[in-house]
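**Q** Turn this into a structure:
(chains A and B)
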There are 2 protein chains.
Amino acid sequence: MKTFAVKGNLLYTPSPSRMVCLPRHFLVCENGRVAGTFPALPEKYAGIDVVDCGNGLIVPGLADLHLHAPQYAFRGLGMDRELLDWLREYTFPEEARYADLAYAEKAYRLFADDLKKSATTRACIFATIHTDATLLLMRMLEETGLVAAVGKVNMDVNSPDYYCESTAVSLSGTERWIMQSRAEFRNVFPILTPRFAPACSAKLMAALGDLQQKHALPLQSHLSESPAEVAWVKSLFPDCRFYGDVYDRFGLFGSNGPTVMAHCVYSSADEVELIGKRGVFIAHCPQSNVNLSSGIAPAKAYLESGLRMGLGSDIAGGFSLSGFRGISDAIQVSKLRFRLQDDSQRPLSLTEAFYLATKGGGAFFGKVGSFEAGYEFDALVLDDRSLPATGELAPEDRLSRLVYLGDDRCIRRKYVSGKKILG
Amino acid sequence: MKTFAVKGNLLYTPSPSRMVCLPRHFLVCENGRVAGTFPALPEKYAGIDVVDCGNGLIVPGLADLHLHAPQYAFRGLGMDRELLDWLREYTFPEEARYADLAYAEKAYRLFADDLKKSATTRACIFATIHTDATLLLMRMLEETGLVAAVGKVNMDVNSPDYYCESTAVSLSGTERWIMQSRAEFRNVFPILTPRFAPACSAKLMAALGDLQQKHALPLQSHLSESPAEVAWVKSLFPDCRFYGDVYDRFGLFGSNGPTVMAHCVYSSADEVELIGKRGVFIAHCPQSNVNLSSGIAPAKAYLESGLRMGLGSDIAGGFSLSGFRGISDAIQVSKLRFRLQDDSQRPLSLTEAFYLATKGGGAFFGKVGSFEAGYEFDALVLDDRSLPATGELAPEDRLSRLVYLGDDRCIRRKYVSGKKILG
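**A** Take a look at the predicted model:
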């Protein structure tokens, strides 16, 4: 891969409390990684290609740590339900349709096209229980150039008849999907995906733990999202100390590989402690937690405790695929949490929320989400000319406006590991 | 004005609990008002012009009951402050710049252009304390074809030196502005605008009460927005029973003309009772109340009590001018209020929030915000082809998606009182 540079106003967050702004700087890419940031191009880079983005902003690509691809087609619908009703009335009937590969092709095409145009460069994605449709989705995502962890969903109990697997079928499908996707894809990789504790038998979870060790796989699931769900888990697993303990007893809570758990709105102190101890990533999904009337996760406290955390759109509990919307939603709900629930925790700052969307979530994929040397060259070139101002604004203020007011029209160019995939 | 019809999927809310959907119907406009809705064009209308909007949705124009035009240029900035700090650090310095008519011209142009392109057809707008800049804004808005109540702001105490009037100048400027705007404009009209109780002397408020009676004017102000503001009002007016009582003692609380009060997040039971008794409109501003960490107004309870209420973007406490965003924000914050503050009040439904944005707020302007016969012909033609689905959706579901996911690209045509002003 050729060494090159992009030039513009660089903004990134090496830590949750620090936004670095480098006006009109060069960001050099070598072998798909950031070689450095420079006010003028050093002699050793003389003659490399430079993409001059003028007065544009350049920021790290955003990571979306939690979303359901097969729910994309009905985003913005059914927003008057809480989690368990919403799953029963909207989600499961729709996901069941992906048994039909022709339907899957049509619906996943909408999703893959829009994800490619979005601010997201890396994502953790739930598919459905269907092995072939999951492979189809992975094939489409591979073509976009995005990096994605995609999971065939496992669910063998407490699920509707029309959308449930036997334990044996779930496991054989999972093994086939792992082998096939590993053979076929470079940017897209399999992630074990037990839907959530209530939908998985003990036998299934134990076998998934074995599979995780055997194949060295990451894992994603849901945790402590809504009051009714938490109560249900408690009734199903009365001897477990807390929701996360269910996963942990089967080795599915970070002890056998990188693990991301979505939501953590109602995690007890014990659960939070284990999340930290096991290095589990939290996917904070503010918009979904509002839409399903779930509540507000204490993201500020998690951040201050040093937990690993990123943002998730949680399509279609969340209706918006936009990572910028995710940042502003995270800030907004943290303000309401401060005002209504716990005024000892200040709201998230723009810098903190931006960190979560970039380096915080990016860490699930390695050295991702920053412009520090050695990080993967995932970058967005942003154009805010559709947001006119009455005078010159500082780059940090322009980023604030993009976060609150920007849309897909503002994303002019997108790189993943040094490859331009958009623009 | 010629009689004509638009044809498409009509959606409107005659009451907070009822969404009427009339697929592929004709909406007839006679003398700027709705003559009726028909599955086929009645014989008496044979030969009138028909605008066929195909499979598009047609909904009433939205009313924005509260926004600050001079804050539009800095929307999306300074979102890390609460109300009183935000006023001092961002708002007052920016508003003071409107003393310069050249600056006002440049900044108000951005606002007027964007408001014209938005889903809003009618608005209640704060300008600044500057009479000439306020007239300039009104001139620009008059050209858009929108209907707007615009207020020169009054503030003579507790305001920064650089942005404060003497009582005499405030009143003389107000009289000149009333006379001049009444002589000059047809669609845009003056609305008395004491900024909020803390910024107005008793002498000023008493005189504004006289002016309101003399000129038969509507009035707009702020009420019970944030905890610190409510405490401040209590300390400034210790003998008043509650915040709204301050206005009421000077006749500024609906007793002398149509009145709209923004926010009402912290209205006491007594205040709510007086709001109802005086027929005061509440401008519910969910996004602003989040951004400034103010809280969540009990909109559902207000609606159930039969109070008069609409939505306000409250630019730039709110960053978004979009009335659709206002609808989804109203629903979203009502869910968090339900979950975190008072689970006896269910969240707002889409129908209820849509009602607030159309007929609820429209009522401030007369028979506005519905397609019932006799209502002003304010209509939006919406195009949701940028939101592809995997199959045919019912018009109500398409509206849901537009509310959550649409943007200015979806607004194809806009009528105000029967005049096409966009598209």
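
**Q** residues contacting the residue of the stretch 151-300 of chain A found nearest chain B?
**A** In the stretch 151-300 of chain A, the residue that lies nearest chain B is A:Ser293 (4.3 Å; CB to the nearest CB). Where C-beta positions appear, they are placed from N, C-alpha and C, glycine not excepted. Listed by CB atoms under 8 Å, 6 or more residues apart in numbering or on different chains, the contact set of A:Ser293 reads A:82, A:226, B:335-336, B:338-339, B:347.

**Q** and with 6 Å instead?
**A** Counting by CB atoms under 6 Å, 6 or more residues apart in numbering or on different chains, A:Ser293 touches A:82, B:335, B:339.

**Q** Can you name every helix or strand that the helix or strand where A:Tyr404 lies contacts?
**A** Assigned by DSSP states H and E, A:Tyr404 belongs to helix A:395-405. Here helix A:395-405 touches strand A:4-15, helix A:323-340, going by 3 or more CB pairs under 6 Å, 6 or more residues apart in numbering or on different chains; DSSP states H and E.

**Q** Could you identify which of the ones you listed is most buried?
**A** Greatest average neighbour count among these goes to helix A:323-340 (a mean of 25), per mean count of other CB atoms under 10 Å in any protein chain shown.

**Q** Enumerate the residues of chain A near chain B.
**A** A:73, A:76-77, A:80, A:106-107, A:110, A:290, A:293, A:295, A:319, A:332, A:335-336, A:339-341, A:349, A:388, A:390, A:397, A:400-401, A:404-405 (CB under 6 Å from any CB of the partner chain).

**Q** Of those, select the buried ones using a ChimeraX command.
**A** Here is the ChimeraX selection string for the buried members of the residues of chain A next to chain B, based on 16 or more other CB atoms under 10 Å in any protein chain shown:
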select /A:73,76,77,80,107,110,290,293,295,319,332,335,336,339,340,349,390,397,400,401,404,405
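
**Q** picking up where we left off before, do you know the pLDDT at the residue of the stretch 151-300 of chain A closest to chain B?
**A** Looking at A:Ser293, its pLDDT is 96.

**Q** out of everything not next to it in sequence, what's closest to it?
**A** B:Lys335 (4.3 Å; CB to CB, 6 or more residues apart in numbering or on different chains).

**Q** Run the chain-centre distance for stretch A:100-108.
**A** Put simply, stretch A:100-108 sits 23 Å off its chain's centre (CA atoms, centre = their mean, to the nearest Å).

**Q** Please identify the buried residues of that stretch?
**A** Quick answer for stretch A:100-108 (16+ other CB under 10 Å): A:103-104, A:107-108.

**Q** ok, back up a step: specify which member of the contacts of A:Ser293 is nearest to A:Ile411.
**A** Here the nearest of these to A:Ile411, counting by CB to CB, is B:Lys335; it sits at 29.4 Å.

**Q** rewinding a little: could you give the backbone dihedrals for the residue of the stretch 151-300 of chain A closest to chain B?
**A** phi 50, psi 30 (degrees, to the nearest 10).

**Q** Pick out the residue of the stretch 101-250 of chain A closest to chain B.
**A** For the stretch 101-250 of chain A, CB to the nearest CB, closest residue to chain B: A:Ala107, 4.8 Å.

**Q** Low-confidence regions, chain A specifically.
**A** Applying pLDDT under 70 to chain A flags no residue at all.

**Q** got the domain boundaries for it?
**A** Segmentation of chain A into domains, based on automatic domain parsing, reads A:4-61+A:369-422, A:62-365.

**Q** what's the most buried one of these?
**A** domain A:62-365 comes out most buried of the domains of chain A by mean count of other CB under 10 Å, with a mean of 22.

**Q** gap between that domain and the chain center?
**A** Distance, stretch centre to chain centre, for domain A:62-365: 8 Å (CA atoms, centre = their mean).

**Q** Tell me which helix or strand A:Met261 sits in.
**A** strand A:259-263.

**Q** Beyond that strand, next helix or strand please.
**A** Counting by DSSP H and E, what follows strand A:259-263 is helix A:269-278.

**Q** what's in contact with that next one?
**A** A:241-242, A:244, A:253-254, A:307.

**Q** how about 8 Å then?
**A** Applying CB under 8 Å, 6+ apart, the contact partners of helix A:269-278 are A:223-224, A:241-245, A:248, A:253-255, A:259, A:261, A:264, A:267, A:280, A:282, A:302, A:305-307.

**Q** In contact with the nearest residue to A:Ser201 once chain neighbours are set aside: list those residues for me.
**A** Residue nearest to A:Ser201 in three dimensions, not counting chain neighbours: A:Val157, with 4.8 Å by CB to CB, 6+ apart. For A:Val157, the contacting residues are A:164, A:198-201, A:204, by CB under 8 Å, 6+ apart.

**Q** now A:Leu387
**A** Taking CB under 8 Å, 6+ apart, one finds A:401-402, A:405-406, A:410, B:76 in contact with A:Leu387.

**Q** how about these in a markdown table, adding distance to B:Met19?
**A** Shown next, in a markdown table, are the contacts of A:Leu387 (distance: CB to CB, whole Å):
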| residue | distance to B:Met19 |
| --- | --- |
| A:Arg401 | 34 |
| A:Leu402 | 34 |
| A:Leu405 | 29 |
| A:Gly406 | 31 |
| A:Cys410 | 33 |
| B:Gly76 | 32 |
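
**Q** biggest separation within those residues, which pair?
**A** A:Cys410 and B:Gly76 (12.3 Å).

**Q** Would you mind measuring the gap between the ends of stretch A:64-82?
**A** End-to-end span of stretch A:64-82 (CA to CA, to the nearest Å): 23 Å.

**Q** Could you give the backbone dihedrals for A:Ala119?
**A** Per-residue torsions, A:Ala119: phi -80, psi 0 (degrees, to the nearest 10).

**Q** Which residue is the nearest non-sequential neighbour of it?
**A** For A:Ala119, the spatially nearest residue (CB to CB, 6+ apart) is A:Gly323, at 4.3 Å.

**Q** How about A:Val280?
**A** A:Gly254 (4.3 Å).

**Q** which ones among the buried residues of stretch A:100-108 are found in helices?
**A** A:103-104, A:107-108 (DSSP state H).

**Q** Just tell me which of the domains of chain A ends up closest to B:Gly360.
**A** domain A:62-365 (18.7 Å).

**Q** What does A:Pro194 show for phi and psi?
**A** phi -60, psi 130.

**Q** didn't it look like it was pressed against A:Leu252?
**A** Yes: using CB atoms under 8 Å, A:Pro194 makes contact with A:Leu252 at a distance of 6.6 Å.

**Q** overlap in contacts of those two?
**A** A:205, A:208, A:219, A:221.
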